[in-house]
Each structure stands twice: as C-alpha cells, then as structure tokens.
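Student: this one's sequence-less:
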C-alpha cells in the first residue's frame, strides 16, 4: 500500500471511531457535501502552508484535528489537489500471544535454515568420491 493510501486509511479509521463515540461529530461526518478525498486535500494543503512557515512534521493529534475541522465546518476552502507522497509513522503493538507466535516462527525458520545448511554440507562431502591412492608404476621398483 502506498504511503498516501495508508495515510488515507489511517484518517478514515480515526474518523470512523470518532463518529462512533461522539454524537455531535457523527452528524458532521455524514454531511453530503463532505468526503474523504476532499478531507485529505484539505489536510495536505494545511500542512503545505505550515511547511512554508518552517514546520516539517506534525503529531497525529494535529493531523486528526485538521480532519475533524474539515468535517465540522460547513464552508471551508479545500485548496487545490497536492501531488505528494505522505509517510505515516504507525507503531504496531503486538499482544503477548502474537509476540510468542512470531518468536516461535522465527525459531522454526532459523532451525530449518540450519538444517538445510547441514544437509548441504553432508551432500557435498558425499558427492566427492574418496580418492584412492594409486601408485604409479616406477621403472626402478621392479
């Protein structure tokens, strides 16, 4: 998934959750004249304006508040589409069960790799025939 698509999905997930827990926002979130693509364009234009003022990054909460602001306002200047790639910094938290499962998978992969290496070494040594020492005839040895 491209960064911008990942960004779009992150914004949508946040807004969906917010609409479930905030009744006032839920009303604004379903406005007919609002859509996610325009929301993303609005956010990108706001970030671009901030970048011109020296800002180089934003906290998640700042980005989410821009998304909420877009839906809260009835009349808002979206701006022109911005051609850019967005990098989303998500930290994935694994449960203890998922960590144990991942650890076990890694151990199994390591064991399989070591076994394969051992088998390759054995097959190389088995493939080489034992050299038998042949004596060459010698004129003086008769």
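Tutor: That came through fine. These numbers were taken from a predicted model, which means no experiment stands behind them.

Student: can you list the domains in the chain?
Tutor: Listed domain ranges for the chain are 3-72, 94-124 (source: automatic domain parsing).

Student: So which of the ones you listed has the densest surroundings on average?
Tutor: domain 3-72 (a mean of 15; mean count of other Cβ atoms under 10 Å). In short, each C-beta sits where N, CA and C put it, glycine included.

Student: Distance from that one to the middle of the chain?
Tutor: Using Cα atoms, centre = their mean, to the nearest Å, the mean C-alpha position of domain 3-72 is found 20 Å from that of the whole chain.

Student: avg pLDDT for it?
Tutor: Averaging pLDDT along domain 3-72 yields 89.

Student: re the thing from before, can you list the domains of the chain in CSV and add distance to residue 88?
Tutor: Shown next, in CSV, are the domains of the chain (distance: least, Cβ to Cβ, whole Å):
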stretch, distance to residue 88
domain 3-72, 5
domain 94-124, 18
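
Student: can you tell which of the ones you listed is closest to residue 78?
Tutor: Closest of these to residue 78 is domain 3-72, at 4.8 Å (criterion: Cβ to Cβ).

Student: among the domains of the chain, which is nearest residue 82?
Tutor: The nearest among the domains of the chain, by Cβ to Cβ, is domain 3-72 at 4.1 Å.

Student: In this protein, what residue spans correspond to helices?
Tutor: 3-21, 23-29, 36-52, 60-72, 96-127 (DSSP state H).

Student: nearest to residue 85, of those helices?
Tutor: Nearest to residue 85 among those is helix 3-21; the distance by Cβ to Cβ comes to 5.1 Å.

Student: what helices or strands is the closest one leaning on?
Tutor: Applying 3 or more Cβ pairs under 8 Å, 6 or more residues apart in numbering; DSSP states H and E, one finds that helix 3-21 contacts helix 23-29, helix 36-52, helix 60-72.
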